[in-house]
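heads up, no residue letters with this:
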């Protein structure tokens with residue numbers, strides 16, 4: 001199972017209405033995220049809109065840097081949306097069964113970082 005599918009399952013279990021918004025561009029032969037940073041778009045009546053970037057555990061920092069450099073991410077945050085990065089990796093004690101765990105990093109706008 002790929003990270004996007006793991007996050008989709010976890011978010012739906014948490015009560016979000018969630019869908020994949022990342023698309024394959026056959027002409028450019030690349031995957032394109034919604035607004036340049038969003039793999040999953042989620043909504044909840046009590047929690048609002050949530051944009052999720054999914055990745056492997058080792059690429060979380062690179063994804064955070066990508067989002068902070070994307071002007072449309074600032075617009076999404078200013079409009080009241082929330083952005084998180086899900087980093088998936090297998091974790092477990094040595095000699096024991098490893099399980100998939102999600103590291104969740106919340107992206108804040110510049111004004112939220114100042115507070």
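That came through, no problem. Small disclaimer: the values here were computed from a predicted structure and weren't measured. Residues are numbered from 1 along each chain as shown.

the residue lying farthest from the centre of the chain: what secondary structure?
In terms of distance from the mean C-alpha position of the chain, residue 95 ranks first, at 30.7 Å (Cα atoms, centre = their mean). Following DSSP: H, G, I helix; E, B strand; the rest coil, we place residue 95 in the coil state.

for this structure, what spans make up the strands?
For the chain, applying DSSP state E gives strands covering 17-20, 23-25, 30-32, 40-44, 48-56, 82-91, 99-107.

centre of the chain to the second one, how far?
Distance, stretch centre to chain centre, for strand 23-25: 17 Å (Cα atoms, centre = their mean, to the nearest Å).

just the mean pLDDT for it, thanks.
Strand 23-25 shows an average pLDDT of 90 in the prediction.

same thing with the longest one?
Strand 82-91 comes out with an average pLDDT of 94.

that strand pairs with which strands, parallel or anti?
strand 48-56 (parallel), strand 99-107 (antiparallel) (DSSP bridges).

got a list of contacts for it?
3, 6-7, 10, 37-38, 47-60, 63-64, 67, 73, 76-77, 98-107 (Cβ atoms under 8 Å, 6 or more residues apart in numbering). For the C-beta atoms, the positions are set from N, CA and C on the backbone; glycine is no exception.
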